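3D, please:
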Amino acid sequence: MPEAKLIYFVSFALAFFVSFVGTFLVARVAIRRKILDYPDEKRKFHDQPTPTLGGFAIFGSFFLVTLFIGILAGYLLNGNIPLRNLIGIWAGGLILMIGGYLDDKYQLPPKYSILFPILATLSIISSGIQAVSVHNPLTGDIVLVSSLSSSVIVFAWVMTMTYTTKFLDGMDGLVTGISSIAALVLFGLSLTSQVQQPQTALLAIIFAGSLLGFLILNFYPAKIFLGEAGSTFTGFMLAVLAIISGGKIATAVLVMGIPLLDMVWVILQRIGSRQSPFKGDRKHLHFKLLDLGFSQPQAVIFLYALTGIFGATALFLQSLGKLVALGILILLMIALIISVFVVTKVREKNNE
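So this is what the prediction gives:
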């Protein structure tokens, strides 16, 4: 209906504007408090110390727009997202902001920084957000799950997505852009005839606006970084949106397939090398693309394109089709890994 389209447009535009303006304010605060990311020769390629805390602009925009627009607009969209659920999302985001600030300021060890994503995830579970059923893509059967099983599924899913975007955050605009694409896909999915959840669509489009408003200053060369708060909040929100949009976890897995597979691959390599899974290194796919000769913007745009292609595909495929597409993604990831390995060996041989 026309009113709904207007609400989506106004909500997106407002979230975009608040995030864009908020980014300047957050950057000033980060500089004043000397919460900066300093360049090095291995993983951080920026030319000068760059403010972090960018996640505060995204969360602040999302919170304000959902508070002042989202709740009121829900009455025009055939009902509201339950206030209890919204409070759980806001509380989880606030917890991640606190943890992100402390981590960026004091460089918390992983055993302490992980506490904040855990608490944020528990806030989601306690707010009543559940995975009430599991869809078998091979048979088409829908299996109802118990309350305990639902809590376990939600906990594992939200934590996985939170750490996926945290691990992915290694290049200017990479996490923000990919998360924007994923949010727009979930927005489109929520409006399809199979799902028909305009309220979830509203949350997704507000989140997309918040991300894109920040991306203007976060794309290469970035004037501000997401920081720990932003890199965890983006994955956290995508996980929650996938659950409340009818449990469309398979769609989110397909859209975020490359980052998810990259995280699994990197963790396996680190464990195989007897290193901490949380230790930063250059094993990620985006760094390997640089080794193949990509520039930083080219590597980021290439990963945007892959995300967009598989995201658009996810809107039109049924469950079995999504499983096939995920298999193609895995093969693509393997091909990229082999390409990097071959190029690296050839270069090493030529340098001998």
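
so what secondary structure elements neighbour the host helix or strand of A15?
Assigned by DSSP states H and E, A15 belongs to helix 2-32. Judged by 3 or more CB pairs under 8 Å, 6 or more residues apart in numbering; DSSP states H and E, the packing partners of helix 2-32 are strand 50-51, helix 55-65, helix 198-218. C-beta coordinates here come from the backbone N, C-alpha and C atoms, glycine included.

isn't I124 up against G92?
Yes. Under the criterion of CB atoms under 8 Å, I124 is in contact with G92, at a separation of 5.4 Å.

of the two, which one has the most company?
G92 (29 against 25; other CB atoms under 10 Å).

what comes up buried for the helix or strand that one falls within?
Per DSSP H and E: G92 is located in helix 83-106. By neighbour count on 16 or more other CB atoms under 10 Å, the buried set for helix 83-106 is 85-86, 88-97, 99-105.

now for the helix or strand following that helix, which elements pack on it?
Next helix or strand after helix 83-106 toward the C-terminus (DSSP H and E): helix 110-113. Counting by 3+ CB pairs under 8 Å, 6+ apart, the packing neighbours recorded for helix 110-113 are helix 83-106.

what sits up against the helix it packs on?
By CB atoms under 8 Å, 6 or more residues apart in numbering, the residues outside helix 83-106 that reach it are 33, 35, 52-53, 55-56, 59, 62-63, 66, 70-71, 108, 113, 115-117, 119-121, 123-124, 126-129, 162, 227-233, 236-237, 240, 244.

picking up where we left off before, turn the helices and strands packed on helix 2-32 into CSV, columns for mean neighbour count and mean pLDDT.
Output for the helices and strands packed on helix 2-32, formatted as CSV (neighbours: other CB atoms under 10 Å; pLDDT from 0 to 100):
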stretch, mean neighbour count, mean pLDDT
strand 50-51, 23, 96
helix 55-65, 25, 97
helix 198-218, 26, 95
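
columns distance to F302 on top of those, output as TSV?
Putting the helices and strands packed on helix 2-32 into TSV (distance: least, CB to CB, whole Å) gives the following:
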stretch	distance to F302
strand 50-51	23
helix 55-65	24
helix 198-218	17
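
right, and the ones you listed - which one's nearest I267?
With CB to CB as the measure, helix 55-65 is the member of those nearest I267 (22.9 Å).

Provide the contact partners of that closest one at residue level.
So helix 55-65 is contacted by 11, 14-16, 18-19, 22-23, 25-26, 90, 93-94, 96-97, 100-101, 206-207, 209-211, 213-214, 226-234, 237 (CB under 8 Å, 6+ apart).

same check, this time on stretch 282-298
With contacts defined as CB under 8 Å, 6+ apart, stretch 282-298 is touched by 42-43, 45, 167-168, 170-172, 174, 219-220, 258, 262, 265-266, 269-270, 299-300, 302-303, 333, 336-337, 339-340, 343-344.

buried ones in it?
For stretch 282-298, the buried set under the neighbour-count rule, 16+ other CB under 10 Å, comprises 283-290, 294, 296.

nearest to F316, of the residues you listed?
Here the nearest of those to F316, counting by CB to CB, is L285; it sits at 25.9 Å.

number of residues surrounding I181?
Using other CB under 10 Å, I181 has 23 other residues around it.

any stretches of the stretch 251-352 of the chain with poor pLDDT?
Along the stretch 251-352 of the chain, the model assigns pLDDT under 70 to residues 280, 318-320, 322, 341, 344, 348, 351-352.

where along it do the strands fall?
Counting by DSSP state E, counting those that start in this stretch, no segments of the stretch 251-352 of the chain form strands.

swap in the stretch 101-250 of the chain?
133-135, 142-144.

where among those strands is average confidence lowest?
Mean pLDDT is lowest for strand 142-144 out of the strands of the stretch 101-250 of the chain, coming in at a mean of 57.

so which residues of the stretch 251-352 of the chain form helices?
257-272, 285-291, 296-316, 319-351 (DSSP state H, counting those that start in this stretch).

could I get those helices as TSV with distance to A182?
Output for those, formatted as TSV (distance: least, CB to CB, whole Å):
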stretch	distance to A182
helix 257-272	9
helix 285-291	16
helix 296-316	7
helix 319-351	14
